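J.: Predicted model and sequence follow; I will ask about them next.
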Amino acid sequence: MATNCKDYNFLEIEPHWQSFWKENHTFRATAGTSKPKYYVLDMFPYPSGTGLHIGHPEGYTATDILARYKRAKGFNVLHPMGWDAFGLPAEQHAVKTGTHPAANTAANITNIRRQIKALGFSYDWEREFATTDPKYFRWTQWIFLQLFARGLAYVDERPVWWCPELRTVLANEEVIDGKSEVGGFPVERRNLRQWVLRITAYAERLLADLKDVDWPDSTKRMQEAWIGRSEGAEISFKLENEALGALKVFTTRPDTLFGCTYMVLAPEHPLADALTTPGQQAALEVYRWQAAAKSDLERTDLAKDKSGVFSGSFAINPVNGQRVPIWIADYVLMGYGTGAIMAVPAHDERDFEFAQRYELPIPQVIAAPGGETKLPYSGDGTLINSPGYDGLAWPEAKKKITTDLAVRGVARATVNYKLRDWLFSRQRYWGEPFPIVWVSESDYAQAKAARSSTLPTVPVTFTENGITHCALPLPVGALPLELPKVQSYLPSGSGESPLANVSEWLEIWFNYETGAAVPASQPRPDGDAWVRARRETNTMPQWAGSCWYYLRFLDPANDGAFASPEALHYWGVPDLYVGGAEHAVLHLLYARFWHKVLFDLGVVPQSEPFTKLFHQGIILGEDGEKMSKSRGNVANPDTIIASHGTDTLRLYLMFLGPLEAMKPWNPNGIEGVHRFLQKVWRECIDREGEIKAKISATATDSPELTKLLHETIKKVGDDIEGLRFNTAISQMMIFTNALQKTTAVNRGTILAFLQLLAPFAPHCAEELWARLGETPSIQETLWPQFDANLLFASQVKLVFQVNGKHRGDTLVLAGLPEAEAVAIARAHERVMPFLSGKAIKRVIYVPGKILNLVLEN
RNA sequence: GCCCGGAUGGCGAAAUGGCAGACGCUGCAGACUUAAAAUCUGUUUUCCGAAAGGAAGUGCCGGUUCGAGUCCGGCUCCGGGCACCA
């Protein structure tokens, strides 16, 4: 049922077909058909208050074209959309206005959903959800409980930004130049009790399985670098003060052990105090205080100016018994390896710099193959000045020294990762509450008997004022644990989240069998399973909800499981995942980690979540700068939809350049693609709104037009598969230009072309399809086939070159033998003059392409 | 500092090692129009030339090749990411 506008009235056409698709559930995905499945997923957006900017629809248009194309190719397509709706901006808004973040979030979702729907994407909206829906985060909490039960979640003291003035914890992005973003107050690092996920337990698999996924190489390399595997040895240095035991260091270069002239501890190292002699204590205090006052950024900015203090103590080098002074310096980090290093200044740049400044010896122990003596030298070489190992190549020496020391029990080969465990809690209101209560040791012991399968082998505990608290999970049946209403979204002031102020919710009698809770202010209910408990006040970070949403889309209404085994089996994981490169590490690594845990639990059938990944490029402002409100260069899709229509916007976004490229927004080009759609319209519909008279079922197309049509079918299909939408559109423009020059055209040719256009400009194609009297919807038709026989021309243009220079061309029969081609060239009026008087030394002939005659001299 | 991209007309760009600049924008000229808009046609890398045609040309320097925007080596600039990881 088409509209009846005479001109290409997109404002009438686009809403018309959008409601048609909605009423007919055109894009509803139903599992279990015999068709092959195709799951194409966008990184779902955070519903921010400012709505969509032009960058969002770029990736969404790309996946939509693919989704529509794959449907036409006979696939059962799953193409969903939802909302990553927990997050800081909503909380900040709540603090400012006092309104519940849920209300603000819902309003933002309504707006952004309207914007996305106006773009006419073929999402199955029946699968929509937000991560903030209790029916969704119930399963986020469920997955957390699985991690907890497997010992992959624990609590630990971790430093976070604390602003004494605001009495709150700040995120990294809320700290600017060591001051709070709000108010500009000073901030400091402060240790707080945090939940941490043991992602490091999966480091090896997260690294190894990268080889199995079809991702951009650069993204794989970033993840590799982030995981940062390095092989080396942990070596124990005996301390001169034997009462203190040994000092363990990690090194990737055990072969340079003879070149170790000092050691360095991180200022936070537990042995730092004990090792510091009374005379040096004051200096250490000052140094520590200086290091702590620096932000991480300052500490790393000062990288070039290494500093430290001597502890006054010595260790013994296990290979040669030499006394080695122990220094304390902030260029060694407590978070990596053992927080202590053996310094080999001759072969490490940082140690070299430090040794120079403090005039420590710099003996060379690796000889460069070229005899080069410039230090520091960290390249290949053989050992020198290393009695017992001299002359060995460094890799062998590394093995031999490690084994020799291992035999003596003072070293072992180890693998270290840069990857740290994942800090998984936030002191915020607007996040998933942890389904955890804290109970006393004795109550935990009592509950353990009833709940053992849901508890980790080693209880998760923390100690406060000498009292040990044990983490007891809610039974799965008690999920979801929803957020309580609070009086204020301001932080508690003590470093805990606002939840710490809701005492009726916080302090409870807890039934560890059912998960039921009664405020502790009321009498303890009858029954053995009731224990005194305090709820966990932390909430989960925004990453939690985005870690597994791609699985919930498979079966979003399921109340009995995060998704049914049937849905998990049928739809599997996304066949294509499209989103920004800014998520190359964190989101994609966290999601992979969770997926692997679910795989180990046997609840998902595959070990990797995203088989194929693609990053769309960023669209910059007209000025070539990143779009931002403050620069005032933000383009809004709404205005373009109103002025040119969404089909034009979609087409233009794809025509701008390669999908992966970073490109500036240039609204001048919009007219070009809009004209293209106008032209398509005019080729189908005349000024009176009737079907153009030149279209007829009986017209015979010229061989050229037929060939062009089949070329276009092939190229558009190939380009969509390769995500090269810009060149697909160019090809359709070429076809339309040719169409315009015809006086009669076969109706079937027009219909086939409209099918090619449909994934790109679905409203326009649908309208013209209906005007031409076709039913059902163009979305339900199969992609046209090209005839490969028609792609080969009998005549081809052969280019003549003399000494590699273009000297003319001519049409020849395809498959012309070389001898004949040379004869034609010799006789060619433009080629001949260049050949006169010279012998042909060599002939390069690429049939159908080029004939290059190489002359003597 | 390290890692990853990128650099082609006035602009966005295209080009399995085989005619560089497809397609689109802009500009210019023309047709239609009383006129304008819209639409259509032609033209638009630079230099020489009246033209035919010729020469140069894909950030810079060199190399491989009959032939290089494309491959290799060395730079410059721009963008992104990471940053004392022992």
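T.: Perfect, thanks for sending it.

J.: which stretches of chain A have low pLDDT?
T.: A:173, A:177, A:293-304, A:372, A:857 (pLDDT under 70).

J.: Now it against RNA strand B: closest residue?
T.: Closest to RNA strand B within chain A is residue A:672: 2.3 Å, counting by C-beta to the nearest atom of the strand. Backbone N, C-alpha and C define where each C-beta goes, glycine included.

J.: Show the contacting residues for that residue.
T.: A:652, A:655 (C-beta atoms under 8 Å, 6 or more residues apart in numbering).

J.: Equivalent analysis for residue A:344, please.
T.: So residue A:344 contacts A:253, A:256-257, A:259-261, A:351, A:365 (C-beta under 8 Å, 6+ apart).

J.: one more time with 10 Å, if that's ok
T.: Neighbouring residues of residue A:344 by C-beta atoms under 10 Å, 6 or more residues apart in numbering: A:251, A:253, A:255-262, A:351-352, A:355, A:362-366, A:376, A:378.

J.: Let me see the domain layout of chain A.
T.: Per the record, chain A has its domains at A:33-60+A:77-144+A:543-620, A:229-417, A:426-539, A:637-781, A:793-855, by automatic domain parsing.

J.: Tell me the gap between the third one and the middle of its chain.
T.: If I follow you right, that is domain A:426-539. 33 Å (C-alpha atoms, centre = their mean, to the nearest Å).

J.: What of the longest one?
T.: Using C-alpha atoms, centre = their mean, the mean C-alpha position of domain A:229-417 is found 36 Å from that of the whole chain.

J.: what does the stretch 601-750 of chain A put close to RNA strand B?
T.: By C-beta under 7 Å from any atom of the strand, the residues of the stretch 601-750 of chain A that approach RNA strand B are A:626, A:655-658, A:661-664, A:666, A:668-669, A:671-673, A:675-676, A:678-679, A:724, A:726-727, A:729-730, A:733-734, A:737, A:740-741.

J.: which ones among the residues you listed are found in strands?
T.: Of those, the ones assigned to strands by DSSP state E are A:663-664.

J.: Only whichever of the residues of the stretch 601-750 of chain A next to RNA strand B are buried, select them in ChimeraX.
T.: To isolate the buried members of those in ChimeraX, using 16 or more other C-beta atoms under 10 Å:
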select /A:655,656,663,664,673,676,678,679,724,726,727,729,733
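
J.: among the residues of the stretch 601-750 of chain A next to RNA strand B, which are in helices?
T.: Those of these mapping onto helices are A:655, A:671-673, A:675-676, A:678-679, A:726-727, A:729-730, A:733-734, A:737, A:740, per DSSP state H.

J.: Tell me the one of those nearest residue A:642?
T.: residue A:671 (15.4 Å; C-beta to C-beta).

J.: separation between that closest one and residue A:622?
T.: Distance from residue A:671 to residue A:622, counting by C-beta to C-beta, to the nearest Å: 15 Å.

J.: cool, residue A:441 as well?
T.: In terms of C-beta to C-beta, residue A:441 sits 64 Å off from residue A:622.

J.: Same question for residue A:401.
T.: 61 Å.

J.: okay, the two: which has more neighbours?
T.: The neighbour comparison of residue A:401 against residue A:622 (other C-beta atoms under 10 Å) goes to residue A:401, with 26 against 13.

J.: so the more buried one makes contact with residue A:411?
T.: Yes. At 7.9 Å, residue A:401 counts as touching residue A:411 under the criterion of C-beta atoms under 10 Å.

J.: Now for the two: what residues contact both?
T.: Joint contacts of residue A:401 and residue A:411 (C-beta under 10 Å, 6+ apart) are A:233, A:235, A:254, A:257, A:318-319.

J.: and RNA strand B, which of the residues you listed contact it?
T.: Counting by C-beta under 7 Å from any atom of the strand, no member of those is near RNA strand B.

J.: Is residue A:367 bridged to anything, and to what?
T.: For residue A:367, the beta-bridge partners are residue A:382 (DSSP bridges).

J.: try residue A:853
T.: residue A:802, residue A:843.

J.: residue contacts, it?
T.: If you count contacts by C-beta under 10 Å, 6+ apart, then residue A:853 has A:800-804, A:807, A:822, A:825-826, A:831, A:834-835, A:838, A:840-845 around it.

J.: who are the neighbours in contact with residue A:398?
T.: Contacts of residue A:398 by C-beta under 10 Å, 6+ apart are A:231-233, A:251-257, A:383, A:389, A:392, A:413.

J.: again, only this time at 6 Å
T.: Applying C-beta atoms under 6 Å, 6 or more residues apart in numbering to residue A:398 gives the contacts A:254-255.

J.: I'd like to know how far it sits from residue A:257.
T.: 10 Å.

J.: try residue A:36
T.: From residue A:36 to residue A:257 the distance is 59 Å (C-beta to C-beta).

J.: more neighbours, those two?
T.: Legend: neighbour count by other C-beta under 10 Å for residue A:36 and residue A:257, higher for residue A:257 (27 against 12).

J.: just the buried members of the contacts of residue A:344?
T.: A:251, A:253, A:255-262, A:351-352, A:355, A:362, A:364-366, A:376.

J.: Check for me that residue A:313 belongs to a strand.
T.: Yes. Residue A:313 forms part of a strand when assessed by DSSP: H, G, I helix; E, B strand; the rest coil.

J.: Now for it, how many residues are close by?
T.: Neighbours around residue A:313, by other C-beta under 10 Å: 23.

J.: can you pull out the helices in the stretch 701-850 of chain A?
T.: Using DSSP state H, counting those that start in this stretch, the helices found in the stretch 701-850 of chain A span residues A:703-721, A:725-740, A:747-757, A:762-771, A:818-827, A:832-835.

J.: Kindly reformat these as CSV containing distance to residue A:328.
T.: Below are the helices of the stretch 701-850 of chain A laid out as CSV (distance: least, C-beta to C-beta, whole Å):
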stretch, distance to residue A:328
helix A:703-721, 59
helix A:725-740, 58
helix A:747-757, 69
helix A:762-771, 66
helix A:818-827, 78
helix A:832-835, 78
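
J.: which residue lies farthest from the center of chain A?
T.: The C-alpha centroid of chain A is most remote from residue A:837, which lies 64.8 Å away (C-alpha atoms, centre = their mean).

J.: Now the phi/psi pair for it, please.
T.: With angles defined as degrees, to the nearest 10, residue A:837 sits at phi 80, psi 10.

J.: gap between it and residue A:855?
T.: Taking C-beta to C-beta, one finds residue A:837 at 10 Å from residue A:855.

J.: Could you do residue A:505 as well?
T.: The value you get for residue A:505 to residue A:855, if C-beta to C-beta is used, is 91 Å.

J.: Those two: which is more packed in?
T.: Ranked by neighbour count (other C-beta under 10 Å), residue A:505 and residue A:855 place residue A:505 first, with 20 against 14.

J.: Residue A:274 should be in a helix, yeah?
T.: Yes. Assessed with three-state DSSP, residue A:274 lies in a helix.

J.: Next, count neighbours for it.
T.: Residue A:274, neighbours per other C-beta under 10 Å, totals 14.

J.: Break down the stretch 151-300 of chain A into its strands, ranges please.
T.: Secondary structure of the stretch 151-300 of chain A by DSSP state E, counting those that start in this stretch: the strands cover A:153-163, A:168-170, A:175-176, A:179-180, A:188-197, A:229-239, A:246-251, A:262-265.

J.: so of these, which one's packed in deepest?
T.: strand A:262-265 (a mean of 25; mean count of other C-beta atoms under 10 Å).

J.: Flag every residue of the stretch 751-857 of chain A that's near RNA strand B.
T.: So far as C-beta under 7 Å from any atom of the strand goes, the stretch 751-857 of chain A lies against RNA strand B at A:797, A:799, A:801, A:803-807, A:809, A:830, A:842, A:844, A:846, A:849-850, A:852, A:854.

J.: now swap in the stretch 151-300 of chain A and tell me
T.: Going by C-beta under 7 Å from any atom of the strand, the residues of the stretch 151-300 of chain A near RNA strand B are A:217-218, A:221-222, A:225, A:228, A:230, A:232, A:250-253, A:266, A:299-300.
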